[in-house]
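Novice: Return a 3D structure for these sequence lines:
(2 chains)
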Amino acid sequence: AQSVTQPDIHITVSEGASLELRCNYSYGATPYLFWYVQSPGQGLQLLLKYFSGDTLVQGIKGFEAEFKRSQSSFNLRKPSVHWSDAAEYFCAVGASGGGNKLTFGTGTQLKVEL
Amino acid sequence: NAGVTQTPKFQVLKTGQSMTLQCAQDMNHNSMYWYRQDPGMGLRLIYYSASEGTTDKGEVPNGYNVSRLNKREFSLRLESAAPSQTSVYFCASRSLTGSGTEAFFGQGTRLTVV
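Specialist: Predicted coordinates:
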């Protein structure tokens, strides 16, 4: 069964500092991996995705993520955080078969200190 | 381009009442999903439909039923609402033509059961 673990429930960083949000997945084959962001009271917006090719993927708003098969990880990074990045971030793994199931982690709440 | 449309946006039910949450997408996507979001729990999959004519249970299907009415529409029904079903419900759709693709989300339905 596929699953996603986001070990950090809350993270606080200062504006301008670097950010790394952790994501570990469990899936039997090569997964489809996604990071979404949710601002308060809003729906989910895709930041970036991976399904093949270069293991370092670039997304919107200056975010990037690196797929590491050996560690079953897909961590999200940003070199310099802006106050507007404060939101909840979700990692997700998608099945390529088995009904195309899409499973989310429990999320990481990011707070940015000015 | 409307994307994924959910109705209603807000709903208050009394325990034991029934209701149907509607979801429609105009992107010609094969797969559709219903999630519920609760604080600290992330998004949990209730039901999904890989393609028109098929539906499958997710992680938390008890107390819910779904109907994939056609390729565009996927409804979620609560037959006898319980306070434990107070949550924010998100519908999503996804195309699997070609490589894996991301899910697109509706704006959510905030349901309160009293």
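
Novice: switch to C-alpha atoms for all contacts and neighbour counts from now on
Specialist: Will do.

Novice: for the residue most central in space within chain B, helix, strand, or coil?
Specialist: Among the residues of chain B, residue B:34 comes closest to the average C-alpha position under Cα atoms, centre = their mean, at 2.7 Å. When classified by DSSP: H, G, I helix; E, B strand; the rest coil, residue B:34 comes out as strand.

Novice: Not counting sequence-adjacent ones, nearest residue to the residue in chain A that chain B sits nearest to?
Specialist: The minimum distance from chain A to chain B, using Cα to the nearest Cα, falls at residue A:106 (3.7 Å). Spatial nearest neighbour of residue A:106, chain neighbours left out: residue B:42 (3.7 Å); criterion: Cα to Cα, 6 or more residues apart in numbering or on different chains.

Novice: Now the residue of chain A closest to chain B, what are its backbone angles?
Specialist: phi -80, psi -10 (degrees, to the nearest 10).

Novice: pLDDT score for residue B:98?
Specialist: Confidence at residue B:98, expressed as pLDDT, is 56.

Novice: tally of neighbours for the closest residue to chain A within chain B?
Specialist: The minimum distance from chain B to chain A, using Cα to the nearest Cα, falls at residue B:42 (3.7 Å). Number of residues near residue B:42 (other Cα atoms under 10 Å in any protein chain shown) recorded here: 21.

Novice: now it, which residues is it bridged with?
Specialist: residue B:38 (DSSP bridges).

Novice: gap between it and residue B:74?
Specialist: Residue B:42 sits 22 Å away from residue B:74, going by Cα to Cα, to the nearest Å.

Novice: Endpoint to endpoint, stretch B:16-36 covers what distance?
Specialist: Taking Cα to Cα as the criterion, the two ends of stretch B:16-36 lie 19 Å apart.

Novice: Next: stretch A:4-12.
Specialist: 22 Å.

Novice: same thing with stretch B:93-105?
Specialist: By Cα to Cα, one end of stretch B:93-105 lies 7 Å from the other end.

Novice: what's the answer for stretch A:64-80, then?
Specialist: Termini of stretch A:64-80 sit 12 Å apart (Cα to Cα).

Novice: re the thing from before, correct me, but the residue of chain B closest to chain A touches residue A:105?
Specialist: Yes. Here residue B:42 lies in contact with residue A:105, judged by Cα atoms under 8 Å, at a distance of 6.0 Å.

Novice: Give me the pLDDT for residue A:53.
Specialist: So, for residue A:53, pLDDT stands at 82.

Novice: same check, this time on residue A:98
Specialist: 55.

Novice: ok so, going back, overlap in contacts, residue B:42 and residue A:105.
Specialist: Counting by Cα atoms under 8 Å, 6 or more residues apart in numbering or on different chains, the shared contacts of residue B:42 and residue A:105 are residue A:90.

Novice: Following element in sequence after the one helix or strand in chain A whose mean pLDDT sits lowest, please.
Specialist: Least confident helix or strand of chain A, by mean pLDDT, DSSP states H and E, is strand A:102-104 with a mean of 90. Next along the chain after strand A:102-104, taking DSSP states H and E as the criterion, comes strand A:108-113.

Novice: hmm, who's touching the helix or strand containing residue B:22?
Specialist: Assessed by DSSP H and E, residue B:22 sits inside strand B:19-25. For strand B:19-25, the surrounding residues in contact (Cα under 8 Å, 6+ apart) are B:2-8, B:72-79, B:81, B:91, B:93, B:109.
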